[in-house]
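> pasting the sequence and the predicted coordinates here, then a few questions.
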Amino acid sequence: MGVIERYRDRLPVGPDTPELTLGEGSTPLVSAPRLSAQLGVELFLKCEAMNPTGSFKDRGMAVAVAKAVEGGAVGIVCASTGNTAASAAAYAARAGLPAIVLHPAGGISLAKQAQARAAGARVLEVRGTFDDALRASMELAESGGYVLVNSIDPNRIEGQKTAAFEVVEELGRVPDVVALPYGGGGNTCAYAKGFGELGARPRLVAAEAAERSDTLASAIRISEPVHRSEIDELVAAGRAEVTTVTDDEIIDAWRALARSEGVFCEPASAAGVAAVRRLELEPGSLVVCVLTGHGLKDPAAVDLLATATEVVDPRLESILEAVSGTSFTSSGARTAAGWKSREKAPTSCRATAPISRCARSRSSPIRRTTTSASSTASRSSAGSVRARPRSRPVSSPEPPPPSSSPTPTPRSFSASTSKGTPTISRPRCAAASA
Ligand SMILES: Cc1ncc(COP(=O)(O)O)c(C=O)c1O
C-alpha cells in the first residue's frame with residue numbers, strides 16, 4: 001500500500017487524484033543497539049532507503065506526480081542533487097509522463113544519475129550549482145506545461161510528512177528526539193508538519209553540513225536551502241533546531257552505522273546520527289534518526305572512505321596471508337580532507353586507485369596481495385604487493401573498528417540565521433504555520 005492509499009484522509013487528494021504508487025512508505029524502524037549503548041539512549045533508525053527508488057523522496061514524489069497528472073501536466077521537471085531526480089524519473093515513468101531533470105554537472109552520484117536515465121528522464125547537466133539548476137527548473141516550469149516537483153511543491157511536503165505519522169504509529173508514542181539531514185530543508189518542514197498535525201512536539205534536530213557548498217555528502221551539497229526561512233521560523237518557534245556537523249563527523253557516523261549496526265546509508269543520511277552524537281541527551285531518551293538514502297546510491301563514497309579490496313591468488317596460503325595482519329584496516333582515504341583531495345581527480349576516475357588501474361576497475365581502490373610463490377606476471381600487473389606479518393589467526397577476526405570518534409566533538413547549535421536569505425522566492429512551506 002502506498003502513501004496515497006494509506007493516508008488518503010490526511011493528504012490533499014480527491015477522487016480525481018490517481019492512486020499513483022510504487023509501494024513507497026511503510027519503511028522499517030530499526031533499532032540500533034550498539035549506538036544506543038554508546039549514547040545511553042534508545043536509538044531507532046527510520047530506514048527511508050527502503051523506499052522504491054532508495055530514498056525518502058518517493059513519499060512526496062508519489063503525491064506530487066499524482067497531483068501533476070490530475071492537473072493535466074504535460075510533464076514534470078526538477079532540479080536535483082540526485083535522489084529527487086531518481087524519484088521523479090521513476091514516478092513520471094509510472095505515470096506515463098516525460099520528465100526533465102537538471103543537476104549540477106559532475107556534481108551528483110553516478111548511481112543516482114543512472115536511475116534517472118534508466119527510467120527515461122531527460123537528464124541535463126547544468127554548468128553551475130544545485131541552486132542554479134533549481135532556478136533554471138523554475139523558469140522552465142513557469143514557461144508552461146511542465147510541473148516543478150521540487151519540494152517547493154507543497155504536495156511533496158504533504159507526501160513526505162507521512163514518515164512522521166509512521167514513526168509515531170510504529171513506536172506507539174512520540175519520540176523525544178528526531179534527527180535528520182538538512183539540505184534544502186523540505187524534509188525537516190515535512191516532519192514538522194507531520195508531527196504538528198498529530199499534536200506532537202519531539203525535539204526536531206536538522207543536521208546541516210558545515211561546508212554546505214563543498215560537503216562530501218553530495219545529497220546535501222546545497223548552498224542556499226530553499227526552505228531556510230521556514231526552518232528559521234520553526235527554530236524561532238522552538239519546533240526545530242539546526243546543528244552543524246563537519247564532514248569528518250558525517251563520515252564517522254556513516255561508518256558507525258554500517259559497521260556497528262549493519263545499516264548502509266549514503267553519507268548525507270548519516271548527518272542526523274552525527275548531530276545526535278553532539279547533543280546532550282537525557283539518559284534513556286527515545287531517539288529516531290532518519291536515514292534518508294541507501295548506501296548503494298553513492299558507491300564512490302565507499303571506494304573513497306572504506307576498506308580497500310584486495311586481489312589474491314586462489315590458494316589457501318595467499319588468502320591466509322591476506323586475512324591476517326592488516327586486512328581489516330583501511331588503505332583508502334578515511335578523512336574528509338582525503339576525500340576532497342581525491343574529488344579533484346578526473347571525474348572518470350575519482351578513486352584512490354592509480355589512474356592506470358581505472359580501465360580495469362574504474363573506481364575500486366584495489367590492494368593486491370600475492371604470496372611469495374606468486375608468478376612474476378601477476379606481480380608486474382598487480383600494482384603494489386604487500387607482504388604482511390601473519391599476526392592474527394583467521395579464526396579470530398579483529399573486533400570491529402571503533403564506531404565513534406574517541407574525542408568528543410564540541411557542541412555547536414546554530415539557528416543558521418546568519419547566512420543571509422534565500423535568493424529564490426517560492427511558496428511557503430505549510431509546516432511553518434502548521
Ligand atoms: C539522501 C538525502 N538526504 C537528505 C537530503 C536533504 O533533504 P532536504 O533537501 O529535504 O533537506 C537529501 C536531498 O536531496 C537527500 O538526497
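Received the coordinates, thanks.

> what does the helix or strand hosting residue 166 rub up against?
Per DSSP states H and E, residue 166 falls inside helix 162-171. Contacts to helix 162-171, defined as CB atoms under 8 Å, 6 or more residues apart in numbering, come from residues 3, 6-7, 10-11, 25-27, 29, 44, 46, 48, 56, 59, 174-175, 178, 190-191, 193-195, 197-198, 200, 286, 288, 290. Where C-beta positions appear, they are placed from N, C-alpha and C, glycine not excepted.

> let's see which of these end up in strands.
29, 44, 46, 178, 286, 288, 290 (DSSP state E).

> which two among these are spaced furthest apart?
Greatest spacing in those, by CB to CB: 286 and 290 (14.2 Å).

> which of those two has more neighbours?
Neighbours were counted for residue 286 and for residue 290 using other CB atoms under 10 Å; residue 290 has more, 27 against 18.

> which phi and psi does residue 104 have?
Per-residue torsions, residue 104: phi -60, psi 130 (degrees, to the nearest 10).

> residues in contact with it?
81, 125-126, 128-130, 132-133.

> what of residue 272?
Taking CB under 8 Å, 6+ apart, one finds 179-181, 205, 207, 289-291 in contact with residue 272.

> just send those back as JSON lines, with distance to residue 66 and pLDDT too.
Shown next, in JSON lines, are the contacts of residue 272 (distance: CB to CB, whole Å; pLDDT from 0 to 100):
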{"residue": "179", "distance to residue 66": "29", "pLDDT": "99"}
{"residue": "180", "distance to residue 66": "24", "pLDDT": "98"}
{"residue": "181", "distance to residue 66": "26", "pLDDT": "98"}
{"residue": "205", "distance to residue 66": "31", "pLDDT": "98"}
{"residue": "207", "distance to residue 66": "30", "pLDDT": "98"}
{"residue": "289", "distance to residue 66": "29", "pLDDT": "99"}
{"residue": "290", "distance to residue 66": "23", "pLDDT": "99"}
{"residue": "291", "distance to residue 66": "25", "pLDDT": "98"}
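
> now these: which count as buried?
Those of the contacts of residue 272 that meet the buried threshold are 179-181, 205, 207, 289-291, by 16 or more other CB atoms under 10 Å.

> out of these, who's nearest the ligand?
Closest to the ligand out of those is residue 181 (3.9 Å), distances taken as CB to the nearest ligand atom.

> tell me the residues on the stretch 101-250 of the chain that lie near the ligand, please.
151, 181-188, 219-220 (CB under 6 Å from any ligand atom).

> swap the cut-off to 5 Å and go again
Residues of the stretch 101-250 of the chain lying near the ligand by CB under 5 Å from any ligand atom: 181-187, 219-220.

> so which of these sit within helices?
186-187 (DSSP state H).

> grab the two from the residues of the stretch 101-250 of the chain next to the ligand that are most spread out in space.
Distances among those were taken as CB to CB; the most separated pair is 185 and 219, at 13.2 Å.

> helices - which of the contacts of helix 162-171 land there?
3, 6, 59, 190-191, 193-195, 197.

> please convert these to TSV, extending it with pLDDT and neighbour count.
Supplementary listing: the ones in helices among the contacts of helix 162-171 in TSV, determined by pLDDT from 0 to 100; neighbours: other CB atoms under 10 Å:
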residue	pLDDT	neighbour count
3	98	33
6	98	17
59	98	30
190	98	28
191	98	29
193	98	24
194	98	26
195	98	25
197	98	15
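
> return the member of those residues nearest to residue 117.
Within the ones in helices among the contacts of helix 162-171, the smallest distance to residue 117 is 22.8 Å, found for residue 59 (CB to CB).

> now do the contacts for residue 91.
Shown in contact with residue 91 (CB under 8 Å, 6+ apart): 20, 22, 58, 61-62, 64-65.

> looking at those residues, which has the most residues close by?
Neighbour max across the contacts of residue 91 (other CB under 10 Å) = residue 61, 37 neighbours.

> can you count the residues close to the closest residue to residue 1 other than its chain neighbours?
Using CB to CB, 6 or more residues apart in numbering and skipping residues adjacent in sequence, the residue nearest residue 1 is residue 26, 6.9 Å away. Using other CB under 10 Å, residue 26 is surrounded by 15 other residues.

> any idea how far residue 26 is from residue 2?
As judged by CB to CB, to the nearest Å, residue 26 and residue 2 stand 9 Å apart.

> next one: residue 120
Taken as CB to CB, the span from residue 120 to residue 2 is 21 Å.

> with neighbour numbers in mind, choose between those two.
Counted by other CB under 10 Å, residue 120 and residue 2 do not tie: residue 2 has more neighbours, with 22 against 13.

> contacts only, for residue 298.
So residue 298 contacts 109, 111-112, 218-219, 266-267 (CB under 8 Å, 6+ apart).

> going by distance to the ligand, which of these wins?
The ligand lies nearest to residue 219 out of these, by CB to the nearest ligand atom, at 3.3 Å.

> count the neighbours of the closest one for me.
Using other CB under 10 Å, residue 219 has 28 other residues around it.

> pretty sure it contacts residue 83?
Yes: in this structure, residue 219 is within contact of residue 83 by CB atoms under 8 Å, at 6.0 Å.

> understood, closing this out.
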